[in-house]
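K.L.:
sharing a sequence plus its predicted fold:
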Amino acid sequence: MGLRARRAVASVGILVFLGVYVWLVIAVGAHVPDHPVATLLFYGLAGTLWGVPLLPLMSWAEGKPFLRKR
């Protein structure tokens, strides 16, 4: 698969993932205790950690191995 096709597939994958991720965060966020610290921690972590699962996909889209074997 060429680089251009990989980037197109990755773009669609990222959009689908983010849509599901936002829906999941909203659904779980409804069950977070109504305390400012709990809300801050939950949404702070959720807003930061969304990129971690996308790293392998973005690495694949650029044709580079995510984890190099030594």
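P.N.:
Yep, that arrived.
K.L.:
hey, which helix is longest across the protein?
P.N.:
helix 3-29 (DSSP state H).
K.L.:
buried stuff in that helix?
P.N.:
10, 25 (16 or more other C-beta atoms under 10 Å). (Glycine included, C-beta is placed from N, CA and C.)
K.L.:
after that helix, which helix or strand is next?
P.N.:
Once helix 3-29 ends, the next helix or strand along the chain (criterion: DSSP states H and E) is helix 36-49.
K.L.:
could you check how far that following helix is from the centre of its chain?
P.N.:
15 Å (C-alpha atoms, centre = their mean, to the nearest Å).
K.L.:
what's the closest non-adjacent residue to the residue nearest the centre of the chain?
P.N.:
The chain has residue 50 as the residue nearest its centroid, 3.5 Å off, counting by C-alpha atoms, centre = their mean. Of all residues not flanking residue 50 in the chain, residue 21 sits nearest, at 5.5 Å (C-beta to C-beta, 6 or more residues apart in numbering).
K.L.:
for this structure, give me the ranges with low pLDDT.
P.N.:
Counting by pLDDT under 70, the chain contains low-confidence residues at 67-70.
K.L.:
ok, 90 please
P.N.:
Within the chain, the segments meeting pLDDT under 90 span 1-4, 53, 55-57, 59-60, 62-70.
K.L.:
contacting residues for residue 58?
P.N.:
Residues in contact with residue 58 (C-beta atoms under 8 Å, 6 or more residues apart in numbering) are 10, 14.
K.L.:
in the host helix or strand of it, which residues are buried?
P.N.:
In this structure, residue 58 sits in helix 55-61 according to DSSP H and E. Of all the residues in helix 55-61, those buried under the rule 16+ other C-beta under 10 Å are 57, 60-61.
K.L.:
do the same with stretch 41-48
P.N.:
Within stretch 41-48, the residues that count as buried by 16+ other C-beta under 10 Å are 42, 46.
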